[in-house]
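Asks: Just to be clear, the model below is a prediction. Sequence and coordinates:
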Amino acid sequence: MSTLARGFRTEIMGNSILHIDSGKVLDNNNAHEMFELITNAQSEGMNRIIVDMHELEFLSSAGVGSLLGTVDASRGAGGDIVLCNVGESILHILDVLDLTTYMTIASDIQAAQDVLAENNN
């Protein structure tokens, strides 16, 4: 079941994976909400997180920061944050910032779940 948390659609998937739909814009207006959503989930032990970017059209530096600021905490707890369904323009931004090797990126939700399951073993 999908719920709305801090302005983002979220869903708990099998094996305690938090799925977050990034929406169309991740910028100064909502990056802090994404950061709080992820850090609150991490404080509750949810360290395997998928950020689904299938609708994302604009990603600002604040949006990038909201994701970067949470990756190490998930990885340190044995999880990860996986970006999936990343469009070409967003992927280009991540590539220019040299983040495509740092961030875990999967082609779709199933691939993201597979990466998290692999990392959990």
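Replies: That came in fine, so what should we check first? Residues are numbered from 1 along each chain as shown.
Asks: Count the residues that sit near the nearest residue to Asp21 once chain neighbours are set aside.
Replies: Distances taken as Cβ to Cβ, 6 or more residues apart in numbering put Arg9 closest to Asp21, at 4.1 Å, once the chain neighbours are dropped. Placement of C-beta: from N, CA and C, glycine included. Counted by other Cβ atoms under 10 Å, the residues lying close to Arg9 total 15.
Asks: Please, which helix or strand holds Arg9?
Replies: Counting by DSSP states H and E, the secondary-structure element that holds Arg9 is strand 8-13.
Asks: Which elements pack onto that strand?
Replies: Contacts defined by 3 or more Cβ pairs under 8 Å, 6 or more residues apart in numbering; DSSP states H and E place strand 8-13 against strand 3-5, strand 17-21, helix 31-43.
Asks: low pLDDT regions in this protein?
Replies: For the chain, applying pLDDT under 70 flags the ranges 1-6, 15, 120-121.
Asks: try 90
Replies: Low-confidence regions of the chain, defined here as pLDDT under 90, cover residues 1-7, 14-16, 77-78, 118-121.
Asks: Tell me which stretches of it form helices.
Replies: Read by DSSP state H, the chain holds these helices, from start to end of the chain: 31-43, 61-76, 88-96, 109-120.
Asks: So which residue is smack in the middle of the protein?
Replies: Relative to the mean C-alpha position of the chain, the nearest C-alpha, by Cα atoms, centre = their mean, is the one of Val51, at 2.9 Å.
Asks: Hmm, the residue nearest to Asp21 is touching Ser22, no?
Replies: No: the pair formed by Arg9 and Ser22 falls short of the contact definition of Cβ atoms under 8 Å, at 9.2 Å.
Asks: circling back to that earlier point, so what sits opposite the residue nearest to the centre of the chain in the bridge?
Replies: Using DSSP bridges, the beta-bridge partners of Val51 come out as Ile20, Leu83.
Asks: ok, it - contacts?
Replies: Val51 is in contact with 20, 22, 67, 81-84, counting by Cβ atoms under 8 Å, 6 or more residues apart in numbering.
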